[in-house]
Each structure stands twice: as structure tokens, then as C-alpha cells.
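>>> I would like the atomic coordinates for the input below:
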Amino acid sequence: MRLASSPDALRQQRAERLRREHAAARALRVAFPTVQQLRLELSFEGPAASTPAAQSHVLHPPARAFFEFRCPYADCDGEFDLTSAVTTALGNKTGKTRGTLQCSGHRPEQHGSRKPCNLLLSYAITATYQSIE
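Numbers count the residues shown, from 1 in each chain. You can find the predicted model right below:
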């Protein structure tokens, strides 16, 4: 297997890895049987003038329990892993957690160099549980 070395090829490999891992993830109903809905609210802050728009993801029992997201900047090779944040939310009595993550990826700069992305992701995760009858 030949290793890709260009930033575009590396980004494509990372995207393909995320697709494979998403497809292999268990359903939410299997991973967390009592969860009726999992809401992930994502907002971004960065030094660039064009900050990505906020995102909202609502997962229901048939959805895949996969919580890694690519950096919203198309030219960035970073990602955000919210797996431990989801675990924290599900471990709380309230089913909620908030926090911030920083993108560790890199973006192209003039003359072919790369600079750290440093985009900040602020997240709020809320789990709604099935009522026990």
C-alpha cells in the first residue's frame, strides 16, 4: 500500500477513515440502550474572519454512536473527537455536559507552508432518556 504525502491526499485518507469508523460504529440503541435522543450543539470561534456556522446534531436510537467530526474548514486536516464528552454527559445525572476543544489540524498558508488551525469548538451535549414504564 502506497502512502500518500500531499495534504489533500492525507485529508482524503482521514475522511475515508472517519467514514469507515462511522459505518462500523454500533447503533446508539445498542451502545446506550436507555437513550432516546442525543443532542450535540456545536459552535465555533477562530481567528479567521470567516468562522464556520454553528451545527446541531440530533441522534436517535437507530443512529450510529460515532462522535468524531472533521474540522469544518475544508482545507484543514483536523478533527474533533467528542466521544469522551458524550461519555461524560451520559455519566451525569442530568445527562448534560459542556466544554471546549481546539482543532489540532493544520491549514495551508502562502508559499506552501502550513499553519495550525486552532479553531475552537464549544459544545453542549444533552441526552434524553426513555421513560421507564
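
>>> Tell me where the protein has helices.
7-24, 28-31, 83-91 (DSSP state H).

>>> With respect to residue 130, which of these lies nearest?
Within the helices of the chain, the stretch nearest residue 130 is helix 28-31; the backing value is 9.7 Å (Cβ to Cβ). C-beta here means a position set from N, CA and C on the backbone, and glycine is covered the same way.

>>> can you pull the contacts of the spatially most central residue of the chain?
Centroid-nearest residue in the chain: residue 69, 2.6 Å away (criterion: Cα atoms, centre = their mean). Residues in contact with residue 69 (Cβ atoms under 8 Å, 6 or more residues apart in numbering) are 42, 55, 79-80, 82.

>>> who touches the helix or strand bottoming out on mean pLDDT in the chain?
Sorting the helices and strands of the chain by mean pLDDT, DSSP states H and E puts helix 7-24 at the bottom, at a mean of 81. Residues from elsewhere that reach helix 7-24, judged by Cβ under 8 Å, 6+ apart: 4, 64, 66, 68, 70, 75-77, 79, 106, 108, 114.

>>> cool, and stretch 42-57?
Taking Cβ under 8 Å, 6+ apart as the rule, stretch 42-57 contacts 39-41, 69, 72-73, 80, 117-123.

>>> Quick check: buried residues in it?
42-44, 46, 52 (16 or more other Cβ atoms under 10 Å).

>>> Can you flag which of the residues you listed belong to strands?
Counting by DSSP state E, the buried residues of stretch 42-57 place 42-44 in strands.

>>> Could you report the neighbour count for residue 116?
13 (other Cβ atoms under 10 Å).

>>> got the contact list for the nearest residue to it once chain neighbours are set aside?
Take residue 116 and drop its neighbours on the chain: the residue closest to it by Cβ to Cβ, 6 or more residues apart in numbering is residue 106, 5.9 Å away. Counting by Cβ under 8 Å, 6+ apart, residue 106 makes contact with 7, 76-78, 114-117.

>>> returning to that earlier point: closest one of the ones in strands among the buried residues of stretch 42-57 to residue 129?
Nearest member of those to residue 129, counting by Cβ to Cβ, is residue 42, at 21.9 Å.
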